[in-house]
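>>> Predicted coordinates and the sequence they were generated for:
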Amino acid sequence: MADSVYERESTGQERDFELSLRPKRLAEFIGQRPVVENLSVYIAAARKRDEPLDHILFSGMPGLGKTTLANLIATELGANMHGSSGPALERAGDLVGLLTNLEHGDVLFIDEIHRLPAPVEEFLYSAMEDFHVDIQIDQGPAARSVRVNLKHFTLVGATTREGLLSAPFRARFGVFERLDPYPAEDILQIVTRSARLLELPMDGEAAALIAARSRGTPRVANRILRRLRDVAQVRGKGRLTLELAEQGLRMLGIDAIGLTELDRRILRVIAEQGGGPIGLKTIAVAVGEEEDTIEDAYEPHLIREGLLQKTPRGRKLTDKANALLAR
């Protein structure tokens, strides 16, 4: 149960829950102030010129608001939003229907854009730069290429691994924005706002505790709040107090620095190998989790807490991690 709070992907019910808490306008977005200010200027300028916005690439850990910002961009532009993901676009043909259905100024959002296969990525080059695609008709001697002109659109890509994008692909984006983990005061505002939308009475100390355990990630904060709402309704009188929040976090297995059982298992696996260095694949097999999930959802927090080091030879525990495990 605990580690589901940190999963990269949302289930259907979780998506509905997260959608209900998303801001409706860019001005309502809490945190990431430099990013929001930049986007506000770019959007206002594009509207003033009556031009589509430049293509945008968002990078950063899962759960920081990349998808939310893409939706808000479309809203602020008064444009339609069309979404897909890198793993879902296996062939260039999968893109054709998406691209040809775009209207002038529409926003095409591709999540996990670093996972696009190379042929699909290359197919996007002319679409992004010249707003046309060349489609091959038939095969063999009868094969011919047909050029299809596209309406001018804005591609918004989201990635947790910007370094995996090829240089030619990156060069076709006009705006690059990196989202960083949120400071506790921003997460506190987000938790307070979410509780208000959920009509959940909550003590300030409980909100501060959730903010402190959320790894600086709004998605994590909202998922914790959802679980603690259950605790408040079943074990309390509907109000989330500090005591109930502490109980709920113990149930979730989240400790004082935001570590879960899987975090601790990762650290123990490395400790059992002499403290490292140890390869990511070995860790993934030992804890029964995907390499991408460990690297994207767990390692960043362990590194920020000073518990883990990434070296050319693999992952290695710090003195702080050894002291933590020795308790």
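On my side now, so go ahead. Keep in mind that this is a model prediction, so the values were computed, not measured. Residues are numbered from 1 along each chain as shown.

>>> remind me which residues of this structure are low pLDDT?
Judged by pLDDT under 70, the chain has its weakly predicted residues at 1-15, 138, 140, 142-143.

>>> Name the helix or strand for the spatially most central residue of it, please.
By Cα atoms, centre = their mean, the chain has its centre lying nearest to Pro62, at 2.7 Å. Applying DSSP states H and E as the criterion places Pro62 outside every helix and strand.

>>> what's the answer for Arg147, then?
Here Arg147, judged by DSSP H and E, is contained in strand 144-149.

>>> Using the record's assignment, carve the chain into domains.
As given by automatic domain parsing, the domain ranges for the chain are 32-178, 184-252, 261-325.

>>> Of all those domains, which one is nearest Phe17?
Closest to Phe17 of the domains of the chain, according to Cβ to Cβ: domain 184-252, at 6.0 Å. No exception for glycine: its C-beta is placed from N, CA and C like everyone else's.

>>> starting at the chain centroid, how far to the closest one?
Its chain's C-alpha centre and that of domain 184-252 lie 21 Å apart, by Cα atoms, centre = their mean, to the nearest Å.

>>> now do stretch 35-54
Centroid displacement of stretch 35-54 relative to its chain, using Cα atoms, centre = their mean, is 23 Å.

>>> List the strands paired with the next helix or strand after the strand holding Arg147, with their directions.
Next helix or strand after strand 144-149 toward the C-terminus (DSSP H and E): strand 154-159. Here strand 154-159 is paired, per DSSP bridges, with strand 56-59 (parallel), strand 107-111 (parallel).

>>> Please save the CA atoms from the shortest one in CSV.
What follows is the C-alpha trace of strand 56-59 in CSV, where atoms were taken according to Å, rounded to 0.1, in the frame of the first residue of the first chain:
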residue,chain,number,x,y,z
ILE,A,56,7.9,23.2,-25.4
LEU,A,57,9.9,20.5,-23.6
PHE,A,58,9.3,19.9,-19.9
SER,A,59,11.7,17.8,-17.9
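
>>> And the domains of the chain: which comes nearest Ser20?
Closest to Ser20 of the domains of the chain, according to Cβ to Cβ: domain 184-252, at 6.9 Å.

>>> Show the end-to-end separation of that closest one, please.
Length of domain 184-252, first residue to last, Cα to Cα, to the nearest Å: 20 Å.

>>> can you pull out the strands in the protein?
Assigned by DSSP state E, the strands in the chain fall at 56-59, 81-85, 107-111, 132-137, 144-149, 154-159, 175-178, 308-311, 314-317.

>>> Any chance you could list what contacts the first one?
In this structure, residues lying in contact with strand 56-59 by Cβ atoms under 8 Å, 6 or more residues apart in numbering are 66, 69-70, 73, 113, 154-160, 162, 165, 170, 173-179.

>>> Just send the strands of the chain back as a markdown table, with distance to Arg235 and mean neighbour count too.
Listed next are these as a markdown table, based on distance: least, Cβ to Cβ, whole Å; neighbours: other Cβ atoms under 10 Å:
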| stretch | distance to Arg235 | mean neighbour count |
| --- | --- | --- |
| strand 56-59 | 39 | 24 |
| strand 81-85 | 38 | 16 |
| strand 107-111 | 37 | 24 |
| strand 132-137 | 57 | 13 |
| strand 144-149 | 60 | 10 |
| strand 154-159 | 38 | 25 |
| strand 175-178 | 40 | 15 |
| strand 308-311 | 35 | 16 |
| strand 314-317 | 37 | 21 |
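
>>> Serialize the ones you listed to CSV and add fields for distance to Asp292.
CSV is the format used below for the strands of the chain (distance: least, Cβ to Cβ, whole Å):
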stretch, distance to Asp292
strand 56-59, 15
strand 81-85, 13
strand 107-111, 13
strand 132-137, 30
strand 144-149, 34
strand 154-159, 12
strand 175-178, 19
strand 308-311, 15
strand 314-317, 15
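
>>> Ala212 is nearest to which of those strands?
strand 308-311 (19.9 Å).

>>> Show which residues not belonging to the closest one make contact with it.
By Cβ under 8 Å, 6+ apart, the residues outside strand 308-311 that reach it are 266-267, 270, 276-277, 299, 302-303, 315-318, 321.

>>> so which of the domains of the chain is the most packed in?
Compared across the domains of the chain, domain 184-252 shows the largest average neighbour count, a mean of 19 (mean count of other Cβ atoms under 10 Å).

>>> that older thread, quick one, which of the strands of the chain gets closest to Arg226.
Across these, closest to Arg226 is strand 107-111 (Cβ to Cβ), at 21.8 Å.

>>> Kindly export that closest one (C-alpha atoms) in CSV.
Output of strand 107-111 as CSV, limited to C-alpha atoms (Å, rounded to 0.1, in the frame of the first residue of the first chain):
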residue,chain,number,x,y,z
VAL,A,107,-1.6,21.5,-28.4
LEU,A,108,-0.2,18.0,-28.9
PHE,A,109,1.1,16.6,-25.6
ILE,A,110,3.4,13.6,-25.6
ASP,A,111,4.3,12.2,-22.2
